[in-house]
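> pasted the sequence and its predicted model underneath.
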Amino acid sequence: MNDSKVAMVTGSSDGIGQAVAKLLGENNYSVVVTYKTNKEKAEETLNYIKEHSGEGLVVQLEVTDEESVKKCFSLVEGKYDRLDVLVNIAGVDHPSSIENCTFEKWKEVTGPKIDGNF
């Protein structure tokens, strides 16, 4: 363990979350890179951070699942003994009209945005 601050970025395997994770890594944070389904992209994000003198770990996280969140925080505590920064960016979008949106798609979009912040 090093003395850098520890940041967790939800949804950091791609998009805005990935950009934030990379920026934090470039600025000497230890970064917890999280992903829901794409471990390969999360590992690419962490590799970028390591190539720029940062460090961190990759953790699978489903922000709408309480047990997944508890497991993630337990892993972070076990490795770093603290978390200094939490950036909640995980989310899914399915652009469509409300008439064409199923209830399952609605829950998939709103779940991370609402429940993921609990």
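All right, it came through fine.

> which residues does residue 14 contact?
38, 41, 45 (CB atoms under 8 Å, 6 or more residues apart in numbering). All C-beta spots, glycine's among them, are computed from the backbone N, C-alpha and C.

> go again with 7 Å.
38, 41 (CB atoms under 7 Å, 6 or more residues apart in numbering).

> how far away is it from residue 48?
Distance, residue 14 to residue 48, by CB to CB, to the nearest Å: 12 Å.

> repeat for residue 40
Distance from residue 40 to residue 48, by CB to CB: 13 Å.

> please say which of the two ends up with more neighbours.
More crowded of residue 40 and residue 48, by other CB atoms under 10 Å: residue 48, with 16 against 11.

> for the more buried one, which non-adjacent residue is closest in space?
Computed as CB to CB, 6 or more residues apart in numbering, the closest residue to residue 48 that is not its neighbour in sequence is residue 22, at 5.5 Å.

> element containing that neighbour?
Take DSSP states H and E as the rule and residue 22 turns out to sit in helix 15-26.

> for this protein, give me the ranges with low pLDDT.
Across the chain, residues meeting the criterion (pLDDT under 70) sit at 1-2, 90-94, 106-118.

> and for it, the residue most distant from the center?
residue 99 (30.9 Å; CA atoms, centre = their mean).
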